[in-house]
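Participant: 3D model of this:
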Amino acid sequence: MNKRDFIAIGAVLILSAIGFLFFAFQPKGGASVKISINSDVQGTYPLNENRTINIKTDGGFNTVVIKDGSVFIKDADCPDKYCVKQGKINSGSIICLPHRMTVEITDQQQPDAVAR
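Facilitator: Prediction:
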């Protein structure tokens, strides 16, 4: 192998890594935010549309913010505020135990049931 072969292989590897990183960290087009209280879905919102949602429960309130492909809880009146401290997420979920609230990022492309 000569010098040109190494340069060509290196260029292909670098372009492949850049392509992988670009697509791996992009929010999914079908992704949505599902907010549930006591396992009852309160609402489902697209992850690619910025908005603020105020949730009031018997236990208190939470302010959920969807912004730039991620979601976070901006404010809550629970005593520990772990849900606020968790920060922004673009996958997974945030749970507020005192209010029994779950904020989950889901992929709408997945079927709810499997037909056989």
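
Participant: could you measure K85 against I94, distance?
Facilitator: Plainly put, K85 is 10 Å away from I94 if you go by CB to CB, to the nearest Å. Where you see a C-beta, it was placed from the backbone N, CA and C, and this is true even at glycine.

Participant: Kindly report the same for A11.
Facilitator: From A11 to I94 the distance is 41 Å (CB to CB).

Participant: okay, these two: which has more neighbours?
Facilitator: With neighbours defined as other CB atoms under 10 Å, A11 and I94 compare such that I94 has more, 23 against 10.

Participant: tally of neighbours for the nearest residue to that one once chain neighbours are set aside?
Facilitator: Sequence neighbours aside, V103 is the residue nearest to I94 in space, at 4.4 Å (criterion: CB to CB, 6 or more residues apart in numbering). A count of neighbours around V103, defined by other CB under 10 Å, yields 25.

Participant: what about stretch 31-39, average pLDDT?
Facilitator: The pLDDT scores in stretch 31-39 average 92.
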